[in-house]
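> Quick one: sequence plus predicted model below, questions after.
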Amino acid sequence: MSFQVPPPSSCAIILSYQCSSRCRHCINASSPSWVEWASRRDIDRQFEALAAHSQYLSHLYISGGEPMLKPALTAYAVHRALELDLPLEYVETNAFWCWDEERALEGFIRLKEAGLKKVAISISPFHAEFVPLPHTEIAMDAAQEVFGTNNVILNTAEYFQELFAMEVEDTLELEHYIENKGAEEAALSFASEYELIPNGRAAVALADLFNRQPASAYFGEACEKELSNPYQVRMDHEGNYIPGLCAGIVLGSTHDLSALFAKRDWSDRPLINTLAKGGVEALLAWAKSHYDYQEDVMGYTSKCHLCLDIRRHLVRSGVVLKELKPLPFYDELDPESFIDIH
Ligand code: SF4
């Protein structure tokens with residue numbers, strides 16, 4: 001099947017998937033276990049390639065993993081992006097490192113001196129499991145002092161207010177938050193207000209919060225649109241180009257964007273070819289007939305949950321495909337710390 005991937009309209013730069021936290025909603029399945037980071041050379045190469053294909057790019061941000069685990073490298077990435085006139089908007093941090101005001105100011109000043117105009121601070125019941133709420137407060141105050149009140153995005157302010165009202169003084173277990181709010185209301189808030197993407201660790205770890213349906217409920221829809229969507233794509237430190245919804249599926253290499261954005265035939269990428277043509281219905285049939293995949297009798301919360309479950313099975317079965325990457329992403333979907341609300 002042929003289809004074309006257009007250049008991105010918005011893009012997250014992932015310098016590493018390494019993070020101080022192992023949040024249960026994380027689409028990238030970031031955690032402390034990841035160790036690889038982009039080098040300065042990788043950043044130069046990737047940004048130069050992106051600059052040559054930035055005609056539709058209006059929104060670029062540095063995300064993770066946690067970029068402030070390596071503040072000097074992150075400052076370098078900020079500097080290079082701006083030097084190349086890329087529309088870098090902000091760096092997104094979980095604020096774990098803001099345990100005192102001096103340190104927080106120092107980190108934000110470093111980014112500002114590299115040219116950054118705005119930061120985003122992540123806070124939610126998922127982040128609050130790992131980052132003490134006082135760190136978020138310190139980060140907010142320091143970031144506002146450095147960048148100005150209007151240049152600090154709190155993602156989300158509503159969750160911060162809610163956790164603050166709960167008088168959270170340290171971290172808070174997700175189960176405790178859910179118990180307090182009610183499972184149904186928490187699920188509704190994650191899905192609607194937080195726009196939780198049912199892929200990555202969220203698909204597996206939070207599955208019990210949402211209604212499950214048999215695989216057949218998700219038949220009849222091809223995935224070409226999602227795979228070729230230029231919105232919120234990710235470019236990671238390994239040079240993987242990943243569509244916004246489809247964590248764990250690599251469309252091509254960021255080192256050769258011209259080849260990636262050319263109209264091409266995808267028959268050399270069987271997983272992408274199958275999904276683009278026939279969606280999860282075709283993927284399920286393929287995985288059943290070639291790789292002995294068994295449907296989960298508990299069902300799935302979305303088509304992406306089903307897709308991910310099949311891909312996990314392929315990886316566990318030793319299937320090697322160019323588009324099935326990064327492999328540690330699949331290892332990170334370990335069900336050990338998954339939600340227990342029963
Ligand atoms: S089902 Fe798979 S290919 Fe389709 S949108 Fe979801 S993750 Fe992407």
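Yep, it's here.

> Quick one: the strands in the stretch 1-150 of the chain, in order.
Taking DSSP state E, counting those that start in this stretch, the strands of the stretch 1-150 of the chain run over residues 2-3, 10-14, 59-63, 88-93, 119-122.

> got a markdown table for the ones you listed, with mean neighbour count, mean pLDDT and distance to S317 too?
C-beta here means a position set from N, CA and C on the backbone, and glycine is covered the same way. Formatted as a markdown table, the strands of the stretch 1-150 of the chain follow (neighbours: other CB atoms under 10 Å; pLDDT from 0 to 100; distance: least, CB to CB, whole Å):
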| stretch | mean neighbour count | mean pLDDT | distance to S317 |
| --- | --- | --- | --- |
| strand 2-3 | 14 | 94 | 27 |
| strand 10-14 | 23 | 98 | 27 |
| strand 59-63 | 21 | 97 | 31 |
| strand 88-93 | 23 | 98 | 35 |
| strand 119-122 | 24 | 98 | 35 |
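
> which parts of the stretch 51-200 of the chain sit against the ligand?
N199 (CB under 6 Å from any ligand atom).

> So, low pLDDT: which residues of this protein?
The chain contains residues with pLDDT under 70 at 335-342.

> 90 - rerun?
Counting by pLDDT under 90, the chain has low-confidence residues at 64, 193-195, 198, 334-342.

> for it, what spans make up the helices?
Ranges of helices in the chain, per DSSP state H, are 40-51, 71-83, 101-113, 133-147, 157-165, 174-181, 183-188, 200-205, 224-227, 257-260, 270-291, 303-316, 327-331.

> ranking these by burial, who's on top?
helix 200-205 (a mean of 26; mean count of other CB atoms under 10 Å).

> residue at max distance from the center of this structure?
Relative to the centre of the chain, and counting by CA atoms, centre = their mean, the farthest-placed residue is S289 at 31.1 Å.

> Against L283, how distant is it?
11 Å (CB to CB, to the nearest Å).

> and what of M298?
19 Å.

> same thing with T301?
Distance, T301 to L283, by CB to CB: 17 Å.

> and if you look at I197?
Counting by CB to CB - I197 and L283 are separated by 18 Å.

> same deal with E101?
51 Å.

> try D208
23 Å.

> can you check M140 too?
In terms of CB to CB, M140 sits 43 Å off from L283.

> Check F3 too.
From F3 to L283 the distance is 16 Å (CB to CB).

> Repeat that for S317.
From S317 to L283 the distance is 14 Å (CB to CB).

> Equivalent analysis for R312, please.
Taking CB to CB, one finds R312 at 12 Å from L283.

> From A12, how far off is the nearest residue to I138 once chain neighbours are set aside?
Sequence neighbours aside, C98 is the residue nearest to I138 in space, at 4.5 Å (criterion: CB to CB, 6 or more residues apart in numbering). Distance from C98 to A12, counting by CB to CB: 22 Å.

> burial measure for N229, as a count.
Neighbour count of N229, defined by other CB atoms under 10 Å: 18.

> and stretch 217-230, how far apart are its ends?
Stretch 217-230 has an end-to-end distance of 27 Å (criterion: CA to CA, to the nearest Å).

> A114 touches R80, doesn't it?
No - contact criterion CB atoms under 8 Å: A114 and R80 do not qualify, at 9.1 Å.

> which outside residues touch stretch 168-184?
The contact list for stretch 168-184 (CB atoms under 8 Å, 6 or more residues apart in numbering) reads 24, 125-126, 128-134, 163, 166, 186, 189, 209, 339-341.

> Please repeat the previous calculation with a cut-off of 10 Å.
By CB atoms under 10 Å, 6 or more residues apart in numbering, the residues outside stretch 168-184 that reach it are 21, 23-25, 124-136, 159-160, 162-163, 166, 185-190, 205-206, 208-209, 337, 339-342.

> Alpha carbons of it, as CSV, please.
C-alpha atoms of stretch 168-184 as CSV (Å, rounded to 0.1, in the frame of the first residue of the first chain):
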residue,chain,number,x,y,z
VAL,A,168,-0.9,16.7,49.6
GLU,A,169,2.4,17.3,51.4
ASP,A,170,4.6,14.8,49.7
THR,A,171,3.7,12.3,47.0
LEU,A,172,0.3,10.6,46.6
GLU,A,173,-0.5,7.0,45.5
LEU,A,174,-2.7,7.0,42.5
GLU,A,175,-5.0,4.4,44.2
HIS,A,176,-5.5,6.9,47.0
TYR,A,177,-6.4,9.6,44.6
ILE,A,178,-8.9,7.4,42.8
GLU,A,179,-10.4,6.2,46.0
ASN,A,180,-10.9,9.8,47.1
LYS,A,181,-12.4,11.0,43.9
GLY,A,182,-14.3,7.9,42.9
ALA,A,183,-13.1,5.5,40.1
GLU,A,184,-15.8,6.6,37.6
